[in-house]
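Trainee: here are the coordinates; sequence isn't available:
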């Protein structure tokens, strides 16, 4: 009954195309045993050396860490860190020494490390005004900055830079010396270039900063534009995790092994109230950043597992081979009575 | 309403003479199992009070009533026009004031003064310029998904909870709303445009006694309208007069129900002689309230003080086209949106797919995960706040106190309890995509795509009827991949429903000898009319002996043959249409009618020299062996599925009156007077048996003469019945039953209905695919069994269990016996694997009456589930639905019903998936179906290929979407644990929002539409592969939990590798956020890439394109100086650690998945896997199975 469509009727037969018939040319990869083993071996070959490389890179990094928040607290204030910091009369200078275990080649990076400081806390992260930082025209753009938005609640006196982030600017200072020679700490270019050039305005000057009832941290030089306040810029890049380091400066000279470094610390920053910890870190840098054995170990583990799996699969394929695409393995051929 | 306006309560009596031939409607003796259910959507018609009252509630009783008693008791089962099916119980109900509409003919002012009847302008457009925004938004927010979006967005606007910025929080909702609104606006604009065209069409309307052109939109109810040939009806009109002196008008209803044959409509005798311009026509039509039943209409008309009843045959509906009639005049009764055509303009029935139901179960699980995550966060936040409660005031990163004002105050702190509560709400906002709302939108898009490919599949295009596959329901595509039961109608579904007259048995003589050649050179019988040759359009093979006998008119035998063929030619509703041919001396007679059986019989009668050449409502003209004879049609009792017969009362030229009856053998032998000549009856029964055993459809013809008092009595009761307003069908049936008795048997006819192309192969494929095929037919048991054999449903090796009983107890007994037997058979032959272990159950409608809806159902179900094949014969339409329900309610198996006629509608709507065949029998099945196609054999590609693909694609897509969203949420969640539980996200809010909109949306949709696990050829060669869907291999609880475990692992890898890598380093949150964003997006896309089976350029483009798009978005976001994360990505990417980190994450995340997948692939390969390997690596399929199953065999 294959009657031809009546000529007067336009045939509605769908036009043939490889697309509409779902017959577009396609690549249909099937992972044969060979491919499976090859991919495991390939990962192993890639990851084991990579892991070793990471480990050695991490090994080459020399890192000195010194926690000083508790050490720099006079015994008389042992449980009253708060009042020690808040008092104007206490001597906050503190001297620490560190020994260089291995040669540290320049540049040596100086970090301060804060623990238990939630720079990623929602209330904190949101309390800033990026518009204000960039453009003097938006000086009164302090909506999100409460409670550090205006001086004494006066809307005509916006705080620049406003918000909790800027307010809590870290203000411990370090002076490092080797023997009697004071080491030159380069505090230039510690912030991202993009931040100093674009994000922070070169015509935005601090105003009303730290003039309120409660001092949160460091003060700013009102004659310098924000784009030159690199400590602030570094601080304003809020850390991702509650334990973080921030770059303090760089030493552009090598530190030899077994040298003793003396650090004079102005212990201004209050971490005592919430049980935070402060550390100073001197570290060299490798291609994977600072000292971090995690990657090496992780990569070696992955590589090892893959190697192991490759061997297992080889055994599996040898001991229990299955010809690919053999119809006798189809379920209705395996157990014909099962229907 | 005042009492004085009440219509007359009863039918007014008229003298028999004035009644005239009042045919209430063209009959439809379609096929014996066919009773038309005119209610397309019975459950959707609350507006028609009297109709909707009982369609469903009577269903259970009606089968019993139908089959048990054909007496004069109230038989309540579906007749033509569901409106009248209630029987006598309803007959006393008049069209009372509330239910009526009064139309004053040719007086639109009076008609419309009391009621506000709708004008004739139509508005299918939903919106106007002003209402668009509010209405469209209102409609969109009806969907749960959008409400969820909205609630989350509103929550986020509260200052205490503002997790995301304004813009970011509204973006997803806005984008979805915008896309939908644009789509809706475009569709609505198109509707408006077509409305405008419709409304401005012209018709001539009687104004001030002259016909004037008027725009359609200005036509009012009550106006008299004149329609010319080939014009379309502007509204529903009751015919007053036509160009035909007897008041016949032919209309084509193709716009309404798709049936292309002509239907006859009649003007009432009382009005047809009026000339509207001259004689003032005034009258009152009292009709039903507008309803959507296009096959029912009840009204009466008062004209000149007389009361005339109006039925469905007197009304022509909007959208019909006038054909073969020069003009027709009628009065508008329903206009505009109240026309039946417009009321029926509803969408496809909505069903929900099985997969989606299961998916909703898992979504509830995900919701509880969400609640758990949020609870963890809020509890932890509470604990944290409590532990630090003394430090909060001046803690640099909390600063509860605001010292800037004079009064030292808490700042943004609402108390401990509220803070916990707020953290809960905030975490809901942050983790919102845990519930994959976008999945619903993706699924809709994927289904549209899948539907596109199904429609465009040229393997499912039927050249014979020039129809493509149609997807009417867009939300159950994937159900096609899980079908376990197919319920098929026989006639028109397995067979072509192209009837060919084969054999006849006249007066106990069987004329089925060797014959089969066309008569004469020209072929077929022809007559001379005014110098022209008229011949029937279709040629029929004739029996030589019978032909010779029919041409002589002497002996007793030829007298019987004369009556037999006269009955065939007269007892029907066929309308002969004379068609011109290219040869001016030759014309063809085309027999138009609604029933292919009748057409075949009339063509057969014509071939034997009894050519029907004219039919009006009052008479027929039959050319008998070259001699024109005119018979008055004094009355006609339509076919209905209770009587299963029809009758016509003919007044001979010599003024004798005879009634001719034609019907199914079961009902006919009950009314045949067996005392007359028992031998003939016996012989005919034998012949019938032999005909039906070779699969032919049989009809029995009988007649008797009517004496004058008998006729008068019949006529008066017929008159009363046919003018009754309510319960007319029941009354008419009663009249018919009283008339149709003591008939003398004339003979029987056998009509062949050929099997459709490819049916046996298709059934074989379906059975190999472990789909049980049940055939439900109205045919006789023998016919059904023989069709069963020819369609390979039954094989000779099968054991047949036949149940046909007449009482409940015997039914019970045979069911028990059958159960015992089937158990034994299955046990015995378990070892030997061949067809002998298959049991076929054959059960008839009478037995089903005693089984369905009783406690025996359980046993039937048990028996049926043991049988490979079930054949139900002589079943009524609602029984078909009952059988589907038998399976559907007791198992989780998916059912599919396929049918082509109105009698299959109930079954199609009952089954999980309804497939309609757009065949010979009109389009009611198609209208009720979810999918429609041209041929039964397309079921194989539909299920095995498209169903399989759709299921596998959709199952994977749902799991993947769960994974994709949960992964992102978990990464966010881990980070929250390191922020003092304060819902900070390192990932920027824009990335969070774009994640499901841009970063990962497109690949899943593209793969959901395009990926193919196996080629069409493999799927067709190995129908068993369909089992994957039946066993729910692509989506099940185990896979869900596996996926979730994988998600957990991947989220841990994605989060903790960077965490440890950057622990105690100077990383800032924007940079690590970018790293997490990229890691998650890369992972999600590579995860998808690992599962893609068929890589076309589109898959490549979408997956790699998404990754590139993500990178671009991240870069763009980080290039905005006023965002805190300015330039983070560039600084990040310049460090080696970032790249090492990314590589480590991707490899470590994918390893477990890869290991498990490869292990399973090797040790426990699924069928799909093996077939896929076979496709790629060997030619084994071709070599072992070559040509064994050929789906498209050459024509038989």
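Mentor: The structure has been received and is ready for your questions. Just so it is clear, the structure is predicted and the values come from calculations on it, not from any experiment.

Trainee: Let's check: the centremost residue of the chain is which one?
Mentor: Picking chain A for this. residue A:240 (5.9 Å; Cα atoms, centre = their mean).

Trainee: looking at chain B here, not the other one
Mentor: Mean-position check on chain B, Cα atoms, centre = their mean. Result residue B:929 at 1.1 Å.

Trainee: Pass me the low-pLDDT residue ranges in the stretch 701-850 of chain B, would you?
Mentor: B:724-727, B:828-837 (pLDDT under 70).

Trainee: Which parts of it are strands?
Mentor: Remark: strands assigned in the stretch 701-850 of chain B by DSSP state E, counting those that start in this stretch are B:744-755, B:772-776, B:799-803, B:839-844.

Trainee: between these, which gets nearest to residue A:193?
Mentor: Residue A:193 lies closest, by Cβ to Cβ, to one member of those: strand B:772-776, at 73.2 Å. Glycine gets a C-beta too; all of them are placed from N, C-alpha and C.

Trainee: does residue B:781 really touch residue B:844, like I thought?
Mentor: Yes - Residue B:781 is within contact range of residue B:844, at 5.8 Å (criterion: Cβ atoms under 8 Å).

Trainee: Residues in contact with both of these two, list them for me.
Mentor: When Cβ atoms under 8 Å, 6 or more residues apart in numbering or on different chains defines a contact, the residues bordering residue B:781 and residue B:844 alike are B:804, B:873-874.

Trainee: Nearest to residue B:435, out of those residues: which one, please.
Mentor: Nearest member of the shared contacts of residue B:781 and residue B:844 to residue B:435, counting by Cβ to Cβ, is residue B:873, at 50.2 Å.

Trainee: How much space separates that closest one from chain A?
Mentor: Distance from residue B:873 to chain A, counting by Cβ to the nearest Cβ, to the nearest Å: 26 Å.

Trainee: Same check on residue B:134?
Mentor: 32 Å.

Trainee: what about that residue, helix or strand, and which?
Mentor: Using DSSP states H and E, residue B:134 sits in helix B:132-140.

Trainee: What average pLDDT does that helix get?
Mentor: The pLDDT scores in helix B:132-140 average 83.

Trainee: quick one: whatever helix or strand comes next after it near chain A?
Mentor: From helix B:132-140 onward toward the C-terminus, using DSSP H and E, the following helix or strand is helix B:144-157. No - using Cβ under 8 Å from any Cβ of the partner chain, helix B:144-157 stays clear of chain A, coming no nearer than 13.7 Å.

Trainee: in helix B:144-157, what's buried?
Mentor: Neighbour counts over helix B:144-157 (16 or more other Cβ atoms under 10 Å in any protein chain shown) mark B:145-146, B:149-150, B:152-153, B:155-156 as buried.

Trainee: Return the angle between stretch directions for it and helix B:132-140.
Mentor: Orientation of helix B:144-157 against helix B:132-140 (axes from the mean of the first three to the mean of the last three Cα atoms, to 10 degrees) gives an angle of 110 degrees.

Trainee: mind checking how far helix B:144-157 is from the chain centre?
Mentor: Distance of helix B:144-157 from the chain centroid (Cα atoms, centre = their mean, to the nearest Å) equals 35 Å.

Trainee: And that helix, what does it pack against?
Mentor: Applying 3 or more Cβ pairs under 8 Å, 6 or more residues apart in numbering or on different chains; DSSP states H and E, we find helix B:144-157 packed against helix B:166-199, helix B:416-430, helix B:437-456.

Trainee: so what does the first one touch, helix or strand wise?
Mentor: Applying 3+ Cβ pairs under 8 Å, 6+ apart, one finds that helix B:166-199 contacts helix B:132-140, helix B:144-157, helix B:989-994.

Trainee: tell me the mean pLDDT for the helix or strand that the shortest one is followed by?
Mentor: Put plainly, it is helix B:989-994. Using DSSP H and E, the helix or strand that directly follows helix B:989-994 along the chain is helix B:1001-1010. In this model, helix B:1001-1010 has a mean pLDDT of 92.

Trainee: Could you confirm whether any residue of helix B:1001-1010 contacts chain A?
Mentor: Yes - using Cβ under 8 Å from any Cβ, helix B:1001-1010 reaches chain A at residue B:1010.

Trainee: Nearest to chain A within the stretch 601-750 of chain B, name that residue for me.
Mentor: Proximity of the stretch 601-750 of chain B to chain A (Cβ to the nearest Cβ) peaks at residue B:695, 17.3 Å away.

Trainee: Run a quick neighbour tally on that residue.
Mentor: 24 (other Cβ atoms under 10 Å in any protein chain shown).

Trainee: which non-adjacent residue is nearest it?
Mentor: In space, and not counting its chain neighbours, residue B:695 is closest to residue B:786: 3.8 Å by Cβ to Cβ, 6 or more residues apart in numbering or on different chains.

Trainee: Kindly tell me how buried that neighbour is, as a neighbour count.
Mentor: There are 19 residues near residue B:786, going by other Cβ under 10 Å.

Trainee: can I assume it is in contact with residue B:694?
Mentor: Yes - Residue B:786 is in contact with residue B:694 according to Cβ under 8 Å; the separation is 5.8 Å.

Trainee: buried set for the longest helix belonging to chain A?
Mentor: In chain A, assigned by DSSP state H, the helix with the most residues is helix A:33-60. The neighbour-count criterion (16+ other Cβ under 10 Å) identifies A:33, A:36-37, A:39-41, A:43-44, A:46-48, A:50-51, A:53-55, A:57-58 as the buried residues of helix A:33-60.

Trainee: how about that helix, does it get close to chain B?
Mentor: Yes - using Cβ under 8 Å from any Cβ, helix A:33-60 comes into contact with chain B via A:33, A:36, A:39, A:43, A:47, A:50, A:54.

Trainee: And what about the residue with the largest distance to the centre of chain B, helix, strand or coil?
Mentor: Ranked by distance from the centre of chain B (Cα atoms, centre = their mean), the top residue is residue B:406, with 74.1 Å. Of the three states, residue B:406 takes coil under DSSP: H, G, I helix; E, B strand; the rest coil.

Trainee: So which residues of the stretch 251-400 of chain B form helices?
Mentor: B:254-257, B:269-272, B:340-343, B:354-387 (DSSP state H, counting those that start in this stretch).

Trainee: closest to chain A out of those helices?
Mentor: helix B:354-387 (9.6 Å).

Trainee: quick one: the closest one to chain centroid distance?
Mentor: In terms of Cα atoms, centre = their mean, the gap separating the centre of helix B:354-387 from the centre of its chain is 40 Å.

Trainee: Give me the local confidence score for residue B:324.
Mentor: With respect to pLDDT, residue B:324 scores 75.

Trainee: Equivalent analysis for residue B:294, please.
Mentor: At residue B:294, pLDDT is 69.

Trainee: and the helix holding residue B:134, what does it pack onto?
Mentor: helix B:166-199.

Trainee: how about the helix it packs on: buried residues?
Mentor: B:168-173, B:176-177, B:180-181, B:184, B:188, B:191-192, B:195, B:198-199.

Trainee: do stretch B:315-331 as well
Mentor: By 16+ other Cβ under 10 Å, the buried positions in stretch B:315-331 come out as B:315-325, B:327-331.

Trainee: Pick out the most distant pair among the residues you listed.
Mentor: Longest span within the buried residues of stretch B:315-331, Cβ to Cβ: B:324 and B:331, 21.9 Å.

Trainee: any idea which element residue B:241 lies in?
Mentor: Following DSSP H and E, one finds residue B:241 within strand B:236-242.

Trainee: Many thanks, have a good one.
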